[in-house]
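*Asks:* test case, fold it:
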Amino acid sequence: MTDTDWLEIGRIVAPQGVRGEIRIYPSSDFPERFLEPGPRWLQRPQGNTPEPITLVQGRYLEGKGLYVVKLDGIDDRTQAETLRGCALLVPAQDRPDLEEGEFYAADLIGLRVILQATGAEVGLVTDLYEAGNDLLEVTLHPSGPNVPNPNAPDSQESARPNPKPRKVLVPFVTAIVPDVDLAQGCLYLTPPAGLLDP
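*Replies:* Numbers count the residues shown, from 1 in each chain. Reported below is the predicted structural model:
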């Protein structure tokens with residue numbers, strides 16, 4: 001299987017206690033990924049191939065936004081420590097069906113961001129943060145007078161370094177993101193005044 005055949009559902013952040021349990025920061029909105037026993041896969045930070053492992057049991061850690069899980073064969077803190085930084089995966093075909101208007105984070109990252117009013121492409125979705133309302137991180141395309149002109153003759157303007165791409169957080173709500181077109185690889189934005197201003 002290739003990278004596109006897997007879904008990352010969480011990342012191991014630390015051991016929990018001395019009996020081999022681990023803390024996982026979830027990147028999935030489906031609690032059963034961490035609570036229901038069954039097969040999962042580990043992707044080590046420097047590893048190429050996900051390794052099969054069995055989730056034995058799990059529980060939600062109230063107030064921390066983390067899950068504590070027990071994996072088969074991980075029986076003490078030393079073994080659990082070796083898993084720090086590993087990603088927990090499931091096969092992509094195991095994705096639960098979503099309701100209308102719901103999307104997987106992995107499907108949103110990389111979408112082109114287009115202003116609905118003008119059709120102008122203003123940036124790309126580069127991350128998603130889960131909060132009360134999810135927030136899309138949009139990396140804006142460079143524009144405006146500070147952008148060097150690559151066709152300018154040798155001049156002070158052409159020698160200026162490229163500006164660092166600016167990022168903005170966009171609330172992922174229908175009023176601001178009225179349409180997501182996965183087939184076309186884009187979403188449409190109706191930003192409130194000031195959202196995209198420098």
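*Asks:* flag every buried residue along stretch 87-97.
*Replies:* Taking 16 or more other Cβ atoms under 10 Å as the neighbour-count basis, stretch 87-97 is seen to contain the buried residues 87-90. Backbone N, C-alpha and C define where each C-beta goes, glycine included.
*Asks:* show me the contacts for the nearest residue to Asp72 once chain neighbours are set aside.
*Replies:* Leaving aside its chain neighbours, Asp72 sits nearest to Thr54 (4.0 Å; criterion: Cβ to Cβ, 6 or more residues apart in numbering). Applying Cβ atoms under 8 Å, 6 or more residues apart in numbering to Thr54 gives the contacts 37-40, 71-73.
*Asks:* which of those count as buried?
*Replies:* Applying 16+ other Cβ under 10 Å to these, the neighbour count classes 40, 71 as buried.
*Asks:* so which of the contacts of Thr54 is the closest to Gly110?
*Replies:* Of all the contacts of Thr54, the one sitting nearest Gly110 is Arg40; the distance, using Cβ to Cβ, is 25.2 Å.
*Asks:* what about Gly123, neighbour count?
*Replies:* Here the neighbour count serves as a burial measure; for Gly123 (other Cβ atoms under 10 Å) it reads 24.
*Asks:* now it: how far from Ala183?
*Replies:* Counting by Cβ to Cβ, to the nearest Å, the gap from Gly123 to Ala183 is 20 Å.
*Asks:* hang on, the earlier thing: go through the contacts of Thr54 and say which is closest to Ile12.
*Replies:* Sorting the contacts of Thr54 by distance to Ile12 puts Leu71 at the head of the list, at 9.2 Å, by Cβ to Cβ.
*Asks:* what sits against the closest one?
*Replies:* Counting by Cβ under 8 Å, 6+ apart, Leu71 touches 20, 22, 40, 53-56, 83.
*Asks:* just the buried members of the residues you listed?
*Replies:* Burial by neighbour count, judged by 16+ other Cβ under 10 Å, picks out 20, 22, 40, 53, 55, 83 from the contacts of Leu71.
*Asks:* since that was my last question, I'll sign off now.
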